[in-house]
Each structure stands twice: as C-alpha cells, then as structure tokens.
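Student: Sequence first, predicted model second:
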Amino acid sequence: RHGPRGNFPGKKMEGKSKALECKTGYRTHNCGELRLGDVGKEVTICGWVQKSRDKRGMAFVDIRDRYGITQCVFANPLDGTGSIEDVEKKKRYEIAQKLGREFVV
C-alpha cells in the first residue's frame, strides 16, 4: 500500500477530496485543513503530540496527523473569578502541561 487507502502519492483521488477522506465519527477536522479563519471555532481533532511547551501561564501543544500540524494554545486563568468557565480552562491547561511527545490525543 502506498499512501492513504492504497493510492499512490501524487495520484489524484477520483472525485474525493483528501480533507473529506479523514472524517470520522469523532473528529470534525484534520490538522491540515484548519486556517486562521477557524480561530475561535469549536473543533475536534485527533493526532499525536509533536511538541509541547509551557511558557508562563500559556501551554502550547502542536498536534499532528497525517495531513498536517495544528498548534493549540491553553491559557491559565490567573486572575480567575472562580466561574465554571475558569475552572474548565484551568483543567484544560493542567492537562496540556502534562502532555509529552508522541502522546495520542
């Protein structure tokens, strides 16, 4: 097998876009199709952690799949009001801090 679904690299897929090929019941997008216009939207992606960094209250996690890499940013609500939203953000930030290279997410 060569490439996705037995296609040879560079071979045009008959009537199918590569972006449509990766849709599953879990993810809404692949890492290669997200753009600046998608910032702020709620999306679900799957992949492996390429790189993870923690920089003073911000955790950056690069997630890759076979289609590309997407950087996710998790902010720690330092001056949080204790609202449910702040508690959820803090949980996500703490989880992102613990992610290591090649973790599957």
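Tutor: Received the coordinates, thanks. Bear in mind that the values here come from a model prediction, so they are computed numbers and not experimental data. Numbers count the residues shown, from 1 in each chain.
Student: contacting residues around the nearest residue to residue 73 once chain neighbours are set aside?
Tutor: Across the structure, with CB to CB, 6 or more residues apart in numbering as the measure, the residue nearest residue 73 apart from its sequence neighbours is residue 60 (5.7 Å). Every C-beta, even on glycine, is put in place using the N, C-alpha and C of the backbone. Going by CB atoms under 8 Å, 6 or more residues apart in numbering, residue 60 touches 51, 52, 53, 54, 71, 72, 73, 74.
Student: which of those are buried?
Tutor: By the neighbour-count criterion of 16 or more other CB atoms under 10 Å, the contacts of residue 60 include these buried positions: 52, 54, 72, 74.
Student: does the last one count as helix, strand or coil?
Tutor: The reference is to residue 74. strand (DSSP: H, G, I helix; E, B strand; the rest coil).
Student: Residue 72 against residue 93, yeah?
Tutor: No. Between residue 72 and residue 93 there is no contact, the gap being 11.1 Å when judged by CB atoms under 8 Å.
Student: The buried ones among the contacts of residue 60 into TSV, with extra columns for pLDDT and distance to residue 41?
Tutor: Formatted as TSV, the entries for these read as follows, by pLDDT from 0 to 100; distance: CB to CB, whole Å:
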residue	pLDDT	distance to residue 41
52	94	22
54	91	25
72	92	13
74	92	16
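Student: Kindly reformat those as JSON lines containing distance to residue 104.
Tutor: Formatted as JSON lines, those follow (distance: CB to CB, whole Å):
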{"residue": "52", "distance to residue 104": "13"}
{"residue": "54", "distance to residue 104": "20"}
{"residue": "72", "distance to residue 104": "14"}
{"residue": "74", "distance to residue 104": "18"}
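Student: Show me the contact partners of the longest helix out of those in the chain.
Tutor: Once the chain is assigned using DSSP state H, the helix that runs over the most residues is helix 84-98. Helix 84-98 has contacts (CB under 8 Å, 6+ apart) with 52, 54, 59, 61, 72, 74, 75, 76, 77, 80.
Student: what about 7 Å?
Tutor: For helix 84-98, the surrounding residues in contact (CB atoms under 7 Å, 6 or more residues apart in numbering) are 54, 59, 61, 74, 75, 76, 77, 80.
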